[in-house]
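Here is my input, please return the structure:
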Amino acid sequence: MVHLREKGICNFKYPSGGRIVSIPSRPVSDEYKTFLEDVIENGKVNDRQYKRLNEDEQNHFLKVSEGAGLLSTFNLKKQGDDEEKKLVDRFTLLRGSLMTGNDADSVVEELKQVIVKLMKLNKIGKQQGAKMLMELDDE
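Numbering: from 1, shown residues only. Predicted coordinates:
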C-alpha cells in the first residue's frame, strides 16, 4: 500500500509477496488511488467513485477483482456480460422469427452474423455453430 499512497502506483502481489505477472504495476490517477484506498479500507466498492473512474481504470479494477475472485463480493459484472446477453437475446429472437416462417434474407444474414459472434465468445460450440450456418445456407 506504500506504493499506492506515496507514489500513486498500484502494485498487486500474491499473499506470498510475489508479483502478479498478468496485472503489472501501473501509475494511477488521484481518483483511482482514492477509490482503491477506499476499497482496501472498507472492503466494498463505492459505486459513485467507481462510476467516476475512466473506462481503462474500470476495466483494470474488473480484471483485478476477477483475478482475485471478488466480482460477486463487489457485485460487479465482467466486462462484456451485457453485450453477450444482448447477443444471446438477439439470437433467440432471430431464430424464433425464422422458425415462424420469416425467412427474409436480412433475418438469415443477421442470424449468421450473430452465430459467428457467439461462436467467437464460446457461447455456441464450433461444431454446433457450423451446423447452424450450413442449415441457414440451405434455406
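
Go through the longest helix along the chain and flag the buried ones.
Secondary structure of the chain per DSSP state H: the longest helix is helix 81-99. Neighbour-count burial for helix 81-99 flags 87, 90-91, 94-95, 97-98 (criterion: 16 or more other Cβ atoms under 10 Å). (Each C-beta comes from the backbone N, C-alpha and C, glycine too.)

Following element in sequence after that helix, please.
Using DSSP states H and E, the helix or strand that follows helix 81-99 in sequence is helix 105-120.

Specify the angle between that next one and helix 81-99 in degrees.
Counting by axes from the mean of the first three to the mean of the last three Cα atoms, to 10 degrees, helix 105-120 lies at 140 degrees to helix 81-99.

Direction-wise, compare the helix or strand just after helix 105-120 with helix 105-120 and give the angle.
Sequence order places helix 126-138 as the next helix or strand after helix 105-120, per DSSP H and E. Interaxial angle, helix 126-138 versus helix 105-120 (the same axes, to 10 degrees): 170 degrees.

What residues sit buried inside helix 126-138?
Going by neighbour count (16+ other Cβ under 10 Å), the buried part of helix 126-138 is 129, 132, 136.

Test my guess that the last one contacts Lys112.
What that stands for is Leu136. Yes. In terms of Cβ atoms under 8 Å, Leu136 counts as a neighbour of Lys112; the distance is 5.7 Å.

picking up where we left off before, let me have the buried residues of helix 81-99 in CSV, extended by distance to Asn59 and pLDDT.
As requested, the buried residues of helix 81-99 are exported to CSV (distance: Cβ to Cβ, whole Å; pLDDT from 0 to 100):
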residue, distance to Asn59, pLDDT
Leu87, 20, 88
Arg90, 24, 93
Phe91, 26, 93
Leu94, 30, 94
Arg95, 32, 92
Ser97, 34, 92
Leu98, 36, 92
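
Extract the CA atoms of stretch 131-139 and return them as CSV.
Output of stretch 131-139 as CSV, limited to C-alpha atoms (Å, rounded to 0.1, in the frame of the first residue of the first chain):
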residue,chain,number,x,y,z
LYS,A,131,-24.0,-26.9,-38.4
MET,A,132,-26.4,-24.0,-37.9
LEU,A,133,-24.6,-21.9,-40.5
MET,A,134,-24.8,-24.8,-43.1
GLU,A,135,-28.6,-25.2,-42.4
LEU,A,136,-29.1,-21.5,-42.9
ASP,A,137,-27.2,-21.7,-46.2
ASP,A,138,-29.6,-24.4,-47.4
GLU,A,139,-32.6,-22.1,-46.9
